[in-house]
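1. structure for the following, please:
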Amino acid sequence: MAQFAFPAPKFDADLFAAAQKRNVEAFTGATQIFADGMRTLAQRQSEIAQASMKQFMADSQAFLTTKPTEVKPADVAGKVKTAYESAIANVQELGNIVVKAQTDALNVLNNAAVANFDDMKKVGA
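-> Next up, the predicted model:
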């Protein structure tokens with residue numbers, strides 16, 4: 001049985017404290033990054049909503065002042081296509097903001113975890 005015995009790892013209080021400090025700093029940093037990303041998302045959503053409402057009002061005014069005989073289906077289709085493409089671009093932009101915030105926050109946490117594993121390897125060496 002002695003041949004299967006593993007040496008007990010030595011406890012290093014300094015490494016343990018450094019790892020805990022690193023964890024707290026990583027969670028704090030990741031939280032801040034994500035909060036900033038969500039703030040950016042909310043601000044951009046507000047800007048998009050304002051621009052969309054402004055465009056809607058302009059289009060409504062133009063529609064109300066145009067005689068029905070002057071409305072061309074191709075013009076209406078063009079406006080609908082432009083609005084659709086704008087909506088898709090906005091959704092992609094907002095999605096990219098969320099993905100960037102998540103990626104940046106997870107990178108901070110991942111870097112801390114890797115550093116902690118590197119420290120654990122030192123203890124076991």
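2. state the phi and psi torsions of the nearest residue to A113 once chain neighbours are set aside.
-> Sequence neighbours aside, A26 is the residue nearest to A113 in space, at 8.0 Å (criterion: CB to CB, 6 or more residues apart in numbering). All C-beta atoms are positioned from the backbone trio N, CA, C, and that covers glycine. Backbone torsions of A26, given as degrees, to the nearest 10, read phi -70, psi -50.
3. now do the host helix or strand of K54: which elements does it pack against?
-> Secondary structure from DSSP states H and E places K54 in helix 13-65. If you count contacts as 3 or more CB pairs under 8 Å, 6 or more residues apart in numbering; DSSP states H and E, helix 13-65 packs onto helix 73-124.
4. what angle sits between the helix it packs on and helix 13-65?
-> 180 degrees (axes from the mean of the first three to the mean of the last three CA atoms, to 10 degrees).
5. same for helix 73-124, what does it pack against?
-> So helix 73-124, by 3+ CB pairs under 8 Å, 6+ apart, packs with helix 13-65.
6. so how far is the helix it packs on off the chain centroid?
-> Taking CA atoms, centre = their mean, to the nearest Å, one finds the center of helix 13-65 at 7 Å from the center of the full chain.
7. avg pLDDT for it?
-> Confidence for helix 13-65, expressed as mean pLDDT, is 94.
8. ok, for F27, nearest residue in space, not its chain neighbours?
-> The nearest residue in space to F27 (CB to CB, 6+ apart) is L109, at 7.2 Å.
9. ok, that neighbour - contacts?
-> A26, F27, A30 (CB atoms under 8 Å, 6 or more residues apart in numbering).
10. now those residues: which count as buried?
-> A26, A30 (16 or more other CB atoms under 10 Å).
11. tell me the one of the contacts of L109 nearest A62?
-> A62 has its nearest neighbour among the contacts of L109 in A30, at 47.6 Å by CB to CB.
12. so who does that closest one touch?
-> Contacts of A30 (CB under 8 Å, 6+ apart): A105, L106, V108, L109.
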